[in-house]
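S.K.: Fold the following for me, if possible:
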Amino acid sequence: MIRAADIREWRNHDVVDPKGHRIGMLESIYVDTTTDEPAVATVRTGLPSRRRLVFVPLDEAVLGPDYVKVSHPRGEVRKAPSIGTDDVLPAEREEEIFQHYGMTYRPGANGERQLARR
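M.R.: Numbering: from 1, shown residues only. Coordinates of the predicted model:
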């Protein structure tokens, strides 16, 4: 798991799948608002003229020299919910990310967001 102190160091490093296939570049980290632990990353993918940010969970992520290895295959990540490179994740789309990866979505008791960008 990526520790909160490591977040800034790993931005712009390659993100690879379990087989070492490159998915894209680490753009940003979203933390779980209840634990303040890194939960999801955005990965910059696509052609230079059509870049987008896809979301991938950081469960079981492994840090290597110049890369972050995630536990999800490249094909699954590339089909994940995405936003434009200058966009912000709308609150109403958070649950979509969790559903794509078969994870449980747990907003706060008063509807607070589960993810916050760092």
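S.K.: contact partners of stretch 87-94?
M.R.: The contact list for stretch 87-94, computed with Cβ atoms under 8 Å, 6 or more residues apart in numbering, reads 30, 53, 55, 81, 83, 105, 107, 113, 114, 115, 117. The way it works is simple: take the backbone N, C-alpha and C, and place the C-beta from them, glycine included.
S.K.: hmm, 6 Å instead?
M.R.: Contact with stretch 87-94 is made by 83, 113, 114, 115, as judged by Cβ atoms under 6 Å, 6 or more residues apart in numbering.
S.K.: nearest residue to the last one other than its sequence neighbours?
M.R.: Okay, so that is residue 115. residue 30 (4.1 Å; Cβ to Cβ, 6 or more residues apart in numbering).
S.K.: helices and strands of the chain: which one bottoms out on pLDDT?
M.R.: helix 7-10 (a mean of 71; mean pLDDT, DSSP states H and E).
S.K.: Any idea how far the helix or strand just after that helix is from the middle of the chain?
M.R.: Moving toward the C-terminus from helix 7-10, the next helix or strand (DSSP states H and E) is strand 14-16. Here strand 14-16 is found 11 Å from its chain centre; the criterion is Cα atoms, centre = their mean, to the nearest Å.
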